[in-house]
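Chemist: 3D model of this:
(2 chains)
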Amino acid sequence: MEHKYSPKDVEQKWQAIWDEQKTFKVSVNKDKPKYYLLEMFPYPSGRIHMGHVRNYSIGDVIGRFKRMRGFNVMHPMGWDAFGMPAENAAIQNKSHPATWTYENIAYMRNQIKKMGFSYDWDRELATCDIDYYRWEQKIFLEMFAKGLAYKKTSYVNWCPKCETVLANEQVEDGGCWRCDTDVNQKELDQWFFRITDYAEELLENTYKLPGWPERVLVMQRNWIGKSFGCEIDFPVKNSAEPIRVFTTRQDTVFGATFMSLAPEHPRALELATPDHKDEVVAFIDKIRKTDRIKRTADDFEKEGVFTGSYCNNPVTGALMPIFLANFVLMDYGTGAVMAVPTHDQRDFEFAKKYDLPLKVVIQPSGVTLDPLVMSEAYTEAGIMANSGQFDGLQSNDAKEAIADFLQAQGQGAKTVNFRLRDWGISRQRYWGNPIPVIYCDICGVVPVPEQDLPVVLPKDVAFSGEGGSPLAQMESFVSCTCPLCGMVARRETDTMDTFVQSSWYFLRYCCPDFKDGILDRESADHWMSVDQYIGGIEHAVLHLLYARFFTKVLRDLGHTSADEPFTNLLTQGMVIKDGAKMSKSKGNVVDPDALITKYGADTARLFSLFAAPPEKDLDWNDQGVEGSFRFLNRIWKLVHDRLTMIQNAGLPDLDLLTAEERNLRRSVHKTIRKVTEDLEERFHFNTAIASVMELLNILQPAEYSSAQFPAVMKEALQNVIILISPFVPHMAEELWQRLGNFTPLTQTAWPDYDQSAVIDEELLVVVQVNGKLRSKITVAAGTGEEEVKALALADEKIAQFILGMTVRKVICVQGKLVNIVVG
RNA sequence: GCGAGAGUGGCGGAAUUGGCAGACGCACCAGACUUAGGAUCUGGCACCUCACGGUAUAGGAGUUCAAGUCUCCUCUCUCGCACCA
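Modeler: Numbering: from 1, shown residues only, chains lettered A, B, ... in the order given. Reported below is the predicted structural model:
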């Protein structure tokens, strides 16, 4: 590696040094402020893609910069290694998911190392390692003991292609989040995590995460879906048991004219009178066969069936027919809705279809609604009417009054309702963490005793791809004895959702080798929370909500003090090419390996940081990559061209500098200031890089001007190298060394700019007439306002624009602009 | 429908606090070196105009000495939510 820039040689050299010297290994060090930097760990699918390159390049700039700023940076990497693709690949290739996974990890680790990222590889973990998942089983048992893990039979989302259950969060537009197959409903006995216990805190803390993008917080708030309202009991005719509804519009209760129940409502059949029974049964059957997705689509036609039973409006006493309605959902509220057709659009449409009575109880100001001519429900606030003692009140005020009234009457109570449902974690697949539970005919559900952990995932399984989970067909795994009574028992064969592993890996990174428990609390408390987390927005309500939940659970179980896992979150945009997301089917995939071979990792990193700010989508452009490569070559060449001249130069003597040299230094120190600000406060890597490019454009043509020139040029080039080092660390280290520096940049402090050097000696002042740019004048720094105004007015270009006009006003912005207002 | 964000040259993007719109890069054009150029270097490059100058930040109004930036209206796009009672 001599005069020509050869990225391959340079990169191999420095990667070997970082590896051998464990440059990025960190341990607890109380002398420095800690900085926990984390990018979302990859699924070992086989090879890294450009999304990874971008994600990890962003992280690496921050990591290297913070390190040079004096932080003790913990920057780990690992593998989200359980999951279905491994199992599917194993079925196809007649191999084993473990083999497939570990081979992929080996290949991808090598790829990531070739990018030169500053990871502490001693903290590497894979979630399919026994030493990882055993502790997760312990977490499960501790959650089970506290009632935070429980089993229930319910309708769950079933992906027929993956042959497994999906959590609500994992269904997107009615399809499986992984394979897009339409999801249907299946009644199964499944394990759940009681995330709803944490709904309130999860919601409340979204207001205490200023370092998160607002849109992620909004998505989480929507998902949690807190609403305030009332539960109201409606007495059922010929029954002692009332129907309880949840409503946020108790102000409309006087207008409730019928009742709608979810078809799955437990009382649906009981309420069907003999002459309506057949119809009701047929309707329930029909709805069960319709999947939830179609059912909840907004253009799905409202449909229902009369049960034959009636209830009474608790405040008016009016008789209300009880219907089953397809749009009422069992898993929201109580599964029963008081229908107020005049003030709810769904109820309105339903009432029109089945010819049910309409009664207006809220009047908008200035208009009187007539139920006979209404064409849609009036859902806004207004003045109460036909509502007894509440008439004349503002409907918003009446909400409170009616709630109090119902409560006093014993007919209802104020309540809060959440949309968030408990997290179903059972998966009918092999390649996951076994749920550590045993079923005994005598003792029931028995947790595996702690001393028997881990429940090891057996290796010698047959993968037929048919008939469900291989674990269930493996007698040696299933058959066991009950830890309580010693009788023959069966082992749980479901494994945990892979999102469980990613919900706490950031905690385990703090103590990956800890052998005595889930977490070494001291280490976890030292490093947590993650100061900067970086990843794709697609996890806004999946991983990011589960991880928050788990952090709180582990806190309450006494394993950490952290309330929230991630203090700052950066959601990077997608990598796009030719107007579309990179995908094999589109044929627009850029292969990181090919890129590294052709240009080197530094160029790949540089372009992915330069082409767009991190949170925006990045438009990949092969010619743009060439531009980044050119820039690096120009730096390489400039340093080598000046090498002999500057090699022995010391620091410049500031008193002897020529004006040109002072200007050069000013550019250098302004660039230091600019890059520092862009990295520190804004993560605007593209503009930071642009400013170094600008500096290079100034340095390149600079000519020898005095005996001080070599020193000035040396200072300039040293700083250029430092400033680009977080982006292109290999080239920077190499040039740094060639300039004669013995301490590597990884142990060099980030420079402060020289405050006196950045002060301008002359200022360019823009002169406007009536707000239009007419001239520019140069004034010495410190020239007084009056003098600047005078100079502007005396400028010959300005003269022609103010000739014969009256100067009404002259505005002067110090050192920037003069605006002469004439008329 | 509701909520959030965005709209700037041929393209990616800059403009941080209301103060020169288009930094930086790509593409393109011209020139130099060259047997050659898909290497390198120099210069040009928003639009209209020979020029003086005029017009331009989705469109329209407004505030201001001054608006890409602030206010109001309209349009378009992206994302999220969406029968949630």
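
Chemist: which ones are touching A:D355?
Modeler: Contacts for A:D355 (Cβ atoms under 8 Å, 6 or more residues apart in numbering) come out as none. All C-beta atoms are positioned from the backbone trio N, CA, C, and that covers glycine.

Chemist: ok, it to RNA strand B distance?
Modeler: 18 Å (Cβ to the nearest atom of the strand, to the nearest Å).

Chemist: same question for A:A86.
Modeler: For A:A86, the distance to RNA strand B equals 26 Å [Cβ to the nearest atom of the strand].

Chemist: which secondary structure element contains that residue?
Modeler: helix A:84-93 (DSSP states H and E).

Chemist: tell me the residues of the stretch 101-250 of chain A that contact RNA strand B?
Modeler: For the stretch 101-250 of chain A, the contact set with RNA strand B under Cβ under 7 Å from any atom of the strand comprises A:172, A:214-215, A:218-219, A:222-223, A:225, A:227, A:229, A:245-249.

Chemist: pull out the buried residues from these.
Modeler: A:219, A:223, A:229, A:245-247, A:249 (16 or more other Cβ atoms under 10 Å).

Chemist: list the ones among these that fall in helices.
Modeler: Per DSSP state H, helices hold the following members of these: A:219, A:223.

Chemist: what two of the buried ones among the residues of the stretch 101-250 of chain A next to RNA strand B are the furthest from one another?
Modeler: A:M219 and A:V245 (28.5 Å; Cβ to Cβ).

Chemist: that older thread, pick the one among the residues of the stretch 101-250 of chain A next to RNA strand B closest to A:M84.
Modeler: A:E172 (15.9 Å).

Chemist: show me the beta-bridge partners of that closest one.
Modeler: Beta bridges link A:E172 to A:G175, judged by DSSP bridges.

Chemist: so how far is A:T181 from it?
Modeler: As judged by Cβ to Cβ, to the nearest Å, A:E172 and A:T181 stand 11 Å apart.

Chemist: please apply the same query to A:L329.
Modeler: 23 Å.

Chemist: can you check A:E762 too?
Modeler: Relative to A:T181, and taking Cβ to Cβ, A:E762 is found at 68 Å.

Chemist: repeat for A:K302
Modeler: Between A:K302 and A:T181 the computed distance is 28 Å (Cβ to Cβ).

Chemist: of these two, who's got more company?
Modeler: A:K302 (19 against 14; other Cβ atoms under 10 Å).

Chemist: burial count for A:G740?
Modeler: Neighbours of A:G740 (other Cβ under 10 Å): 12.

Chemist: that one against A:Q647, yeah?
Modeler: Yes. Using Cβ atoms under 8 Å, A:G740 is in contact with A:Q647, at 6.2 Å.

Chemist: rewinding a little: how far away from the center of its chain is the helix holding A:A86?
Modeler: With Cα atoms, centre = their mean, to the nearest Å as the basis, helix A:84-93 stands 28 Å off its chain's centre.

Chemist: mind listing the strands for the stretch 51-200 of chain A?
Modeler: Assigned by DSSP state E, counting those that start in this stretch, the stretch 51-200 of chain A shows strands spanning A:72-74, A:78-79, A:125-126, A:149-159, A:164-166, A:171-172, A:175-176, A:184-193.

Chemist: which residues sit against the helix or strand harbouring A:A790?
Modeler: Assigned by DSSP H and E, A:A790 falls within helix A:785-794. Helix A:785-794 is contacted by residues A:765, A:767, A:775, A:777, A:779, A:783, A:798, A:802, A:807, A:810, A:812, A:814, A:818, A:820 when judged by Cβ under 8 Å, 6+ apart.

Chemist: OK, contacts around the fifth one?
Modeler: Counting by Cβ under 8 Å, 6+ apart, A:V779 touches A:762-763, A:765, A:787-788, A:791.

Chemist: pipe the residues you listed into TSV and attach distance to A:F629, pLDDT and neighbour count per row.
Modeler: Output for these, formatted as TSV (distance: Cβ to Cβ, whole Å; pLDDT from 0 to 100; neighbours: other Cβ atoms under 10 Å):
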residue	distance to A:F629	pLDDT	neighbour count
A:E762	37	88	12
A:L763	37	88	16
A:V765	40	91	22
A:E787	50	91	12
A:V788	45	91	23
A:L791	47	90	17
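
Chemist: any idea where the strands of the stretch 251-400 of chain A begin and end?
Modeler: Remark: strands assigned in the stretch 251-400 of chain A by DSSP E, counting those that start in this stretch are A:258-261, A:304-312, A:319-325, A:336-339, A:362-363, A:383-384.

Chemist: turn the ones you listed into TSV, including mean neighbour count.
Modeler: What follows is the strands of the stretch 251-400 of chain A, written out as TSV (neighbours: other Cβ atoms under 10 Å):
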stretch	mean neighbour count
strand A:258-261	26
strand A:304-312	21
strand A:319-325	22
strand A:336-339	26
strand A:362-363	22
strand A:383-384	20
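
Chemist: measure the nearest residue to A:P314 once chain neighbours are set aside to RNA strand B for me?
Modeler: Closest residue to A:P314 apart from its sequence neighbours, by Cβ to Cβ, 6 or more residues apart in numbering: A:Q411 at 4.5 Å. Note on A:Q411: its distance to RNA strand B, by Cβ to the nearest atom of the strand, is 16 Å.

Chemist: now do A:Q800
Modeler: Look at A:Q800 and RNA strand B: by Cβ to the nearest atom of the strand, they are 8 Å apart.

Chemist: doesn't that residue belong to a strand?
Modeler: No. A:Q800 is assigned helix when assessed by DSSP: H, G, I helix; E, B strand; the rest coil, not a strand.

Chemist: what's the neighbour count on it?
Modeler: The tally of other residues near A:Q800 (other Cβ under 10 Å) stands at 9.
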